[in-house]
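Q: 3D model of this:
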Amino acid sequence: MQRRRLGRSYVEVSAVGLGTWQVLDVRGREWEEARHEVVRAALDSGITLFDSSPMYGEAERVLGDALKKYGRDRATVATKVWSSNDRKAHRQIENALNFFGGRV
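A: Residues are numbered from 1 along each chain as shown. Have a look, this model is predicted:
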């Protein structure tokens, strides 16, 4: 997998990333376990960049659970804040940090 520098930073990510909208927005153990396998396969193929958002339903939580199983240190997670309300925005940031081991 080719890698690219992310913007002007020194963070390198895979040239191809995995978007989580519709892919990881699932509920229920069986569905979530199947999606964890999608994340594992992505990591095993060299994908290191994952895009998520609180507006993608359960995707952030499901991705976070999968990365806990298969190696949070193997992934760079990009997420968003989707609210003009400061309180909701702070909650979204706290949730993302909890889902992704304190870093996005």
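Q: going forward, measure contacts between C-alpha atoms and count neighbours the same way
A: OK.
Q: next SSE after the worst-scoring helix or strand of the chain on mean pLDDT?
A: Least confident helix or strand, the chain: strand 3-5 with a mean of 94, by mean pLDDT, DSSP states H and E. On the C-terminal side of strand 3-5, the nearest following helix or strand under DSSP states H and E is strand 12-14.
Q: now the helix or strand just after that next one: average pLDDT?
A: Under the assignment DSSP H and E, the closest C-terminal helix or strand after strand 12-14 is strand 17-19. For strand 17-19, mean pLDDT rounds to 97.
Q: also stretch 84-94?
A: Mean predicted confidence for stretch 84-94 is 96.
Q: end-to-end on stretch 71-85?
A: Terminal residues of stretch 71-85 lie 33 Å apart, using CA to CA, to the nearest Å.
Q: again, but for stretch 40-58
A: OK, stretch 40-58 end separation, CA to CA: 18 Å.
Q: so how far is it off the chain centroid?
A: Stretch 40-58 sits 4 Å away from the centroid of its parent chain (CA atoms, centre = their mean, to the nearest Å).
Q: list the buried residues for it?
A: Across stretch 40-58, burial judged by 16 or more other CA atoms under 10 Å covers 40, 42-43, 46-58.
Q: so which of these are in strands?
A: 49-51 (DSSP state E).
Q: adding distance to V13, write those out as CSV.
A: Formatted as CSV, those follow (distance: CA to CA, whole Å):
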residue, distance to V13
L49, 6
F50, 9
D51, 12
